[in-house]
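Undergrad: Sharing a model prediction with you, sequence too.
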Amino acid sequence: MSNTVRRFVDTLESRKLMSASFHNFIFGGFGHDGGHGDGAYIPPLPATPTSVDTAAYALVTGDQTTVSNDRTAVWNDKQALETAEQAALTDPTVVTAQGNLTSVEATQQPLIQTDWTNIQTDRTNVWNDYQALQTAQQAALSDPAVVTAQANLTSVLATQQPLIQNDWAAIKAVYVADEPAIFAAQYQLRYDTRTGALSSVIATDQATLTAAQTQLTTDLVTPQANLATDEAPVQTAQAAVQAAINADPGVVTAQANLTADQALLAAAKTQLQTDEAPVQTAEAAVQSAINADAGVVAAQTQLTNDQAALAAANTQFQTDLAAYIADLQAGI
């Protein structure tokens, strides 16, 4: 038996066990007094029911029976479908498709196994390359070019940090000065909106808020520009340090190895997809042949029809149950 048929049979067995558990749960939950059905409680008739009460009760309990019968039909249909699928394994078309699958697997499985071996090897190489790159980057910190760039960064930081701190202080001062007006305008706008103020008042409040927000934006322009100017030398010096590290011969070699092995890993994954494709196509052909078997088609059609009937019966049960409960409440 091929892997695909074995998986198909295993799927049928698992589905049968799951269906049995579901069936026992559903039908084991019904009470003998008709009080519970479809997960809903049907209130008993009052001591002196009216003809309307009796008719409504009969309708909803009848619906409950219909739901139960339809569930049984669906359960039986699923068993019949599984039986038909098992029988379809001897259908000539299925047998032919299965023979083709067996042949394809014989050809492709060695290739697929080689692909997985290559992927595992390439993954290990990529991991090792990352470790080697980190080691090279650490070693590059003693490279003369990196040392020079780092010394320049330290000097630039010593000069720019006080300026940057002053810029942040200036930005904070702007917020301290301008935000109270914004908060006050927001409060007034919310208050007037909640209390139903005239539209002209709301418009004035909105204009006041917009003006306060615009003032904050305007006042931030200069200190934010100063901050960007004072941070620029630091960013340039930092970039020079990183560039010097990247240019270190050991780092260059380690990065090249990593890039090459990443490309090999990507290619191995692509090759795996290519080699798996014929197997997947042959497996789909087997499943299509099973689905096209006359017995399977008939069983699936019956199941689909009975599932639709069950859904309709459930809807009717819920509708009639709601009407029955409403009738009882109206008579209280």
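TA: Everything's here; your move.
Undergrad: remind me which residues of the protein are low pLDDT?
TA: By pLDDT under 70, the weakly predicted segments of the chain are 1-39, 332.
Undergrad: how does it look with 80?
TA: Residue ranges of the chain with pLDDT under 80: 1-40, 331-332.
Undergrad: how about the helices of it, start to end?
TA: 3-28, 51-88, 92-139, 144-194, 199-247, 249-292, 294-330 (DSSP state H).
Undergrad: And for the nearest residue to Gln238 once chain neighbours are set aside, the neighbour number?
TA: Excluding the flanking residues, the one nearest Gln238 by C-beta to C-beta, 6 or more residues apart in numbering is Leu153, at 6.1 Å. From N, CA and C alone the C-beta is placed, and that goes for glycine too. The number of residues packed near Leu153 is 18, by other C-beta atoms under 10 Å.
Undergrad: if I look at Leu153, how far off is Ser68?
TA: Relative to Ser68, Leu153 is positioned 80 Å away (C-beta to C-beta, to the nearest Å).
Undergrad: Repeat that for Thr121.
TA: Going from Thr121 to Ser68 by C-beta to C-beta gives 60 Å.
Undergrad: Which one of these two is surrounded by more residues?
TA: Neighbour count, other C-beta under 10 Å: between Thr121 and Ser68, Ser68 has more, with 18 against 14.
Undergrad: The more buried one and Val74, how far apart?
TA: Noted for Ser68: a distance of 11 Å to Val74, by C-beta to C-beta.
Undergrad: Ala268 now?
TA: In terms of C-beta to C-beta, Ala268 sits 47 Å off from Val74.
Undergrad: And these two? Which one has more around it.
TA: A direct count of neighbours by other C-beta under 10 Å for Ala268 and Val74 places Val74 higher, at 23 against 19.
Undergrad: Which residue is the nearest non-sequential neighbour of the more buried one?
TA: The shortest distance from Val74 to any non-neighbouring residue, by C-beta to C-beta, 6+ apart, is to Asp306 (5.0 Å).
Undergrad: tell me the contacts of that neighbour?
TA: Residues in contact with Asp306 (C-beta atoms under 8 Å, 6 or more residues apart in numbering) are Asp70, Ala73, Val74, Asp77.
Undergrad: cutoff 10 Å now
TA: Neighbour list for Asp306: Asn69, Asp70, Arg71, Thr72, Ala73, Val74, Trp75, Asn76, Asp77, Lys78 [criterion: C-beta atoms under 10 Å, 6 or more residues apart in numbering].
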